[in-house]
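This is a predicted model, with the sequence first.
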Amino acid sequence: FRLSSLIGHISTCPSLIGQCCQRHPGSVDEFQEELVIRPLHSGDIYASFQFRTLWDTDFLQEGQKVSHYRLFPKSLGQVLSKFSVRELHISFTQGFWRTMQWGQPFIPSPPGAELWVWFHDTVSDVDGNWKELTNVLSGIFCASLNFIDLTNTVQPSASFKPLGLGNATDHRFLRYATLPREIVCTENLTPWKKLLPCGSKAGLAVLLKSEKLFHSSFHSQAVHIRPVCQDEQCTSKAWELRQTLNVVFDLYTAGQGKKAFRSSIYLNCGKTGELFELSPATPLLSQAVVLGDRRTYSVFDLTRAETFGQLRSLNLLLRWKGDGGEMLRPLLHAERYVAGFGLQTGEIHTVIYNNHPYRAFPVLLMDSVPWYLQLYIHTLTVTSKSRDNKPSYIHYQPAKDRHRPHLLEMLIQLPPHSMTEVTVQFERALLKWTEYTPDPNHGFYVGSSVVSALVPSMVAMSTNFTQDQPLFSSFVPVKEESSYFVRVYTEPLLVNLPTPDFSMPYNVICLTCTVVAVGYGSFYNLLTRTFQVDEPSLPLAKRLANLIRRIRGVPLLT
Amino acid sequence: MAAPLTLLLIVAVTIRAVLFRSSWAELISERVEVVSPLNAWKRVVEGLALLDLGVSPYSGDVFHETPFMIYLFHFVVDYAEIVFMVSPGLVFCLSRFLTSLYLFRKQKYALESDRYPADCLELLRSPKEMFYIPLKVAMFYLLNPFTILSCVAKSTCGLNNAIIALFILCTLKGSALLSGILLALATYQSIYPLTLFAPALLFFLQRLYIPVNLRRSSFWFFTLQYAFIYVGSLVVITGLSFFLLGSWDFIPSVYGFIFSVPDLTPNIGLFWYFFAEMFEHFRLFFICVFQINVFFYTIPLSIKLKEHPVFLIFMQIAIISIFKSYPTVGDVALYMAFLPAWSHLYRFLRNIFLVSCVLLACSALFPVLWHLWIYAGSANSNFYYAITLLFNFGQILLVSDYFYAYLRREHHLTHGLYLKKKDGTEATLVLK
């Protein structure tokens, strides 16, 4: 019997309402916030904050300068217009999402920093824009995104399709980079909170206290910007800025929240409601299907005064009834590890599990390996159930030393209820001594693989577009009812490279030049000198005497 | 003579076949002393796999072979082992010709022209000695552990050696056309055989009795002819390579790679650690210095050895093997195969014992220290680097020792073997 409770202390303060979150006349900027709390079977609590700002302006027209920023943050708006960005997705994650224990996250993200951007087709120099964009974002988010350069940027051809409007297929305008070594801390949370219309002073953002957030097993903050339709007929377009924060912790947290334009808390009570007891009980229950899972959610709408009791505060208390209950097993799961020993060669093994009992489906595996691990694509093997499983589509771009990394994308058909293993051999390169990080024996990180798939759903998904859909179920557009899109990130790898001795540059130069000089010297002697009979030379006294004798004109000594 | 040679061939083929089929083959083909990024078999297979995937093999940095190799192996990749066993055989053919016909003939002419002083008879080689030289050369090449390792690893160094051996064979036979074409092919494979142009030219001039005099028109006439054959075939071969893959990508990938040394994989040469530890500012300067170092011995050596072009070929091949950017033991084996041809120089060699000990010890220590660095983690790169230095030092000593012995023998042949000082006592010869 485990006791775990979540207390949310939220009070209203009428005098502060409307200062920053009011609807401006004449515009349709919207702000919506949401918190989903889902207790996990391992005893942890998964809290997912989503803040969505809709900005009604059309960048897609050339030359239109935008200077009215209402709810949308000005820094990001300027970035979007300057670099002709169509979609921007950036995430900072600390920790690794354990799919088998926690299920699928609403918004997946790899450990470290990840940035992928779709540019407009009008951009002529995408690489230049990308370089400047990473530097500007590095300043906005206080993260070292300036380490993103051409040596760790790839252009995936199929794994990262636009999530917003647009039917672009030219992947020359897509750039994807990941920094697995990036550490996330309060320095990154503060500018992220500043992007919210009210900052951290009102709404659910008040709950975001750094000390609580960073004492967690998993913490991921992300910003997703994309153009969306504002209604079903798509007569007007808007920019959607979603800021998401996913945390997994098993502590109790206390926070204060002020009212926002539209804000709600969704609490996942599970299918039978027997897992825990919720107080206060709420009459609002909604059902939502997300990630192929139909669950019942208790909804607390913070915009309504009835939610808050007489004390004008909302305390949520969850009491666990005991261990047990079935967790829905995630249908798609992936792992990755390095095999081999020594510092010369190795093998990357990626294992993908298909847990669907009877359906096979294809997955797209994308691997971006740095150039200093030289992949040998002729050693690529894909086996499912101990039999060879040839991928139907392979897109491989080999690395150029010090210019670009390897990019391997494969479409693999996973048989039902099976484990598929993808192995590829690599060789480790010796780098120049200046190319190692200050702690070279820590190793070098290889970014996570991305497994993207349309997983067949056991439950019919809703393809209707409604404004009232909760945020967490509308992140990924659902195109058909029978499947939903899932992206799984594997672990990043840590590989050691052979190192030269860093204390030796001067010594090495001297010693090698000595050997070359020995060769030069021997050949020089043999080429410029001839053999002569060795006549012994006179001792010094006799030579001096000979000198005097020569002056005198007298015969010389021998 | 035929029987021992046949026996030797059978033994060599057997050893290679046994090793091919054993588990050692894979181990050997991974050894950095035997294969380099330029001639590893794994990379040839990778290049062919990339071609099958529809990607140009030169778009990445894995494949650095010339298009000629792609073309060759596209067809014979399943029979690769046979190809690699045939190439030493070509070197063996050369050995027969080199010694039995050329050296013997030269000495015969010199004897007849009474050029040698009387007491030099013991310096001259008897026909009986020279009879066994082809066998010895063949043995030195076919049974050399370096050659066997290189062949079992299926390193394309063996093929390059075969082309150079064929070139020497055609040169000695006197066919300028074939010699020019083969030299162009050898240069196309790896740039360094360019320096063999001078000795080949000198050989033909000597053969045709054209004096090497810059003022004579006959000299220039022949030089231009030979240069035209050489450059023409080089241009034709390069043009054909362009048409194979439809792009000039192979030039930066092959020749740019050889000259700029971007890959610092350890090998038995001097370049890798030097450029791993080089200050970035000076990198270009030292690349130029090291590359010029290979080429600039050609002119002085040609001037000094203009009457001895075959020895000059040996010296050039040795210098290339020591100072090239990605040497392997296969390159070392090529010039070592020539050593029995100069076995008469033995009495003038000064350091042969030291040199052979050094080379043997280093060859044994290479795998040990590699294991300690890469697998055991108890040594670091300095250990392997030290053995590299020592191995190259030993090689330089060996080559310069043979050069000294050759020059000394020539001096004795002109001035007499037992030299006396002015007062009649025995003299010592020094280099002054």
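Received, thanks.

ok, and the closest non-adjacent residue to whatever residue of chain B ends up closest to chain A?
The nearest approach of chain B to chain A comes at B:G60, 2.5 Å away (CB to the nearest CB). (C-beta placed from N, C-alpha, C; glycine too.) Closest residue in space to B:G60, ignoring its immediate chain neighbours: A:P398 at 2.5 Å, by CB to CB, 6 or more residues apart in numbering or on different chains.

Enumerate the residues of the stretch 1-150 of chain A near chain B.
Neighbours of chain B within the stretch 1-150 of chain A, by CB under 8 Å from any CB of the partner chain: none found.

Show me what residue of the stretch 1-150 of chain A gets nearest to chain B.
A:L150 (14.3 Å).

re earlier: could you check the distance from the residue of chain B closest to chain A over to A:L407?
11 Å (CB to CB, to the nearest Å).

and these two? which has more neighbours close in?
Applying other CB atoms under 10 Å in any protein chain shown to B:G60 and A:L407 shows that B:G60 carries more neighbours, namely 24 against 21.

what separates that one from A:H171, distance-wise?
19 Å.

Quick check: nearest residue in space to A:P73, chain neighbours excluded?
A:L195 (4.4 Å).

do B:W342 as well
B:Y402 (6.1 Å).

Please name the residues that touch that neighbour.
B:F314, B:L339, B:W342, B:L345, B:L349 (CB atoms under 8 Å, 6 or more residues apart in numbering or on different chains).

ok, how many other residues are close to the residue of chain A found nearest chain B?
Ranking the residues of chain A by distance to chain B (CB to the nearest CB) places A:P398 first, at 2.5 Å. Residues lying near A:P398 (other CB under 10 Å) number 25.

Equivalent analysis for B:S378, please.
For B:S378, using other CB under 10 Å, the count is 9.

do the same with A:T514
12.

Name the helix or strand for it, please.
A:T514 belongs to helix A:505-528 when assigned by DSSP states H and E.

Show me what that helix packs onto, helices and strands only.
Applying 3 or more CB pairs under 8 Å, 6 or more residues apart in numbering or on different chains; DSSP states H and E, one finds that helix A:505-528 contacts helix B:271-276, helix B:283-295, helix B:298-304, helix B:309-323, helix B:381-415.

try it again with 7 Å
helix B:271-276, helix B:298-304, helix B:381-415 (3 or more CB pairs under 7 Å, 6 or more residues apart in numbering or on different chains; DSSP states H and E).

tell me the angle the longest one makes with helix B:309-323.
If you take axes from the mean of the first three to the mean of the last three CA atoms, to 10 degrees, helix B:381-415 sits at 170 degrees to helix B:309-323.

tell me which residues of helix B:381-415 are tucked away?
B:381-385, B:387-413 (16 or more other CB atoms under 10 Å in any protein chain shown).

residue ranges with poor pLDDT in the chain?
With no chain named, the answer covers chain A. Across chain A, the ranges flagged by pLDDT under 70 are A:1-28, A:58-67, A:168, A:202-203, A:250-328, A:459-471, A:473.

Chain B was what I was after
In chain B (pLDDT under 70), the answer is B:1, B:92, B:94-122, B:125, B:127, B:422-427.

partners of A:L365 in the sheet?
A:M410, A:V451 (DSSP bridges).

Next up, the contacts around it.
A:T350, A:M410, A:I412, A:V422, A:S449, A:V451 (CB atoms under 7 Å, 6 or more residues apart in numbering or on different chains).

What about the residue nearest to the fifth one when sequence neighbours are not counted, how many residues nearby?
The reference is to A:S449. Leaving aside its sequence neighbours, A:S449 sits nearest to A:T490 (CB to CB, 6+ apart; 4.4 Å). When neighbours are defined as other CB under 10 Å, A:T490 has 24 of them.

picking up where we left off before, quick one: mark the members of the contacts of B:Y402 that sit in strands.
Among these, DSSP state E puts none in strands.

Those residues: which two are farthest apart?
The most widely separated members of those, counting by CB to CB, are B:F314 and B:L349 (14.5 Å).

Pull up the residues of the stretch 1-150 of chain B that are close to chain A.
Residues of the stretch 1-150 of chain B lying near chain A by CB under 7 Å from any CB of the partner chain: B:K42, B:V45, B:E46, B:A49, B:L50, B:L53, B:V55, B:S59, B:G60, B:D61, B:V62.

Neighbour-wise, give me the winner out of the residues you listed.
B:V62 (26 neighbours).

ok, that residue touching A:Y396?
No. Contact criterion CB atoms under 7 Å: B:V62 and A:Y396 do not qualify, at 11.4 Å.

What is the burial count for B:S22?
Quick note: B:S22 (other CB under 10 Å) scores 12 neighbours.

Could you do B:E33 as well?
With other CB under 10 Å as criterion, B:E33 counts 26.

ditto for B:F285
10.

Check the gap between it and A:S503 for me.
Taking CB to CB, one finds B:F285 at 23 Å from A:S503.

again, but for A:P197
54 Å.

out of these two, which sits in the busier spot?
A:P197 (21 against 10).

what helix or strand is that one on?
A:P197 belongs to no helix or strand, assigned by DSSP H and E.

Ignoring the adjacent residues along the chain, who's closest to it?
A:L71 (4.3 Å).

Is the one you found located within a strand, as I assumed?
No. Applying DSSP: H, G, I helix; E, B strand; the rest coil, one finds A:L71 to be coil, outside a strand.

tell me the phi and psi of it?
phi -90, psi -30 (degrees, to the nearest 10).

what residues does the stretch 301-450 of chain A put near chain B?
Counting by CB under 7 Å from any CB, the stretch 301-450 of chain A sits next to chain B at A:341-344, A:374, A:376-378, A:394, A:396, A:398-401, A:429-430, A:432-434.

swap the cut-off to 10 Å and go again
Applying CB under 10 Å from any CB of the partner chain, we find that the stretch 301-450 of chain A lies next to chain B at A:341-345, A:371, A:374-380, A:394-404, A:406, A:425, A:427-435, A:441.

ChimeraX command for the buried members of these?
In ChimeraX syntax, the buried subset of these is picked out as below (16+ other CB under 10 Å):
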select /A:342,343,344,345,371,374,375,376,377,378,380,394,395,396,397,398,399,400,401,404,406,425,427,428,429,430,431,432,433
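
Contact partners for the residue found closest to B:A379 once you drop the neighbours it is linked to in the chain?
Distances taken as CB to CB, 6+ apart place B:L372 nearest to B:A379, at 3.7 Å, with adjacent residues excluded. Contacts for B:L372 were tallied using CB atoms under 10 Å, 6 or more residues apart in numbering or on different chains; they are B:L365, B:S378, B:A379, B:N380, B:F383, B:Y384.

go with 7 Å
Counting by CB under 7 Å, 6+ apart, B:L372 has contacts B:S378, B:A379, B:F383.

same check, this time on B:P199
Taking CB under 7 Å, 6+ apart, one finds B:S302, B:P309, B:L312, B:I313, B:Q316 in contact with B:P199.

Distance-wise, check it relative to B:I320.
12 Å.

Next: A:T169.
For A:T169 relative to B:I320 (CB to CB), the value is 52 Å.

Could you check which of those two has the larger neighbour count?
Neighbours were counted for A:T169 and for B:I320 using other CB under 10 Å; B:I320 has more, 24 against 11.

And the closest residue to the more buried one other than its chain neighbours, how far from A:V450?
In space, B:I320 comes closest to B:Y192 once its chain neighbours are excluded; the distance is 4.4 Å by CB to CB, 6+ apart. Per CB to CB, B:Y192 is found 45 Å from A:V450.

Does the nearest residue to A:P555 once chain neighbours are set aside lie in a helix or a strand, and which?
Computed as CB to CB, 6+ apart, the closest residue to A:P555 that is not its neighbour in sequence is A:R549, at 7.1 Å. Secondary structure assignment for A:R549, by DSSP H and E: helix A:540-552.

got the CA positions of that helix in CSV?
The C-alpha coordinates for helix A:540-552 follow below in CSV (Å, rounded to 0.1, in the frame of the first residue of the first chain):
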residue,chain,number,x,y,z
LEU,A,540,98.2,20.9,-33.8
ALA,A,541,101.8,21.7,-32.9
LYS,A,542,103.1,20.4,-36.1
ARG,A,543,100.5,22.3,-38.1
LEU,A,544,101.5,25.5,-36.5
ALA,A,545,105.1,24.7,-37.2
ASN,A,546,104.2,24.0,-40.8
LEU,A,547,102.5,27.4,-41.1
ILE,A,548,105.7,29.2,-39.9
ARG,A,549,107.8,27.0,-42.2
ARG,A,550,105.6,28.0,-45.2
ILE,A,551,106.2,31.6,-44.4
ARG,A,552,109.9,31.1,-44.1
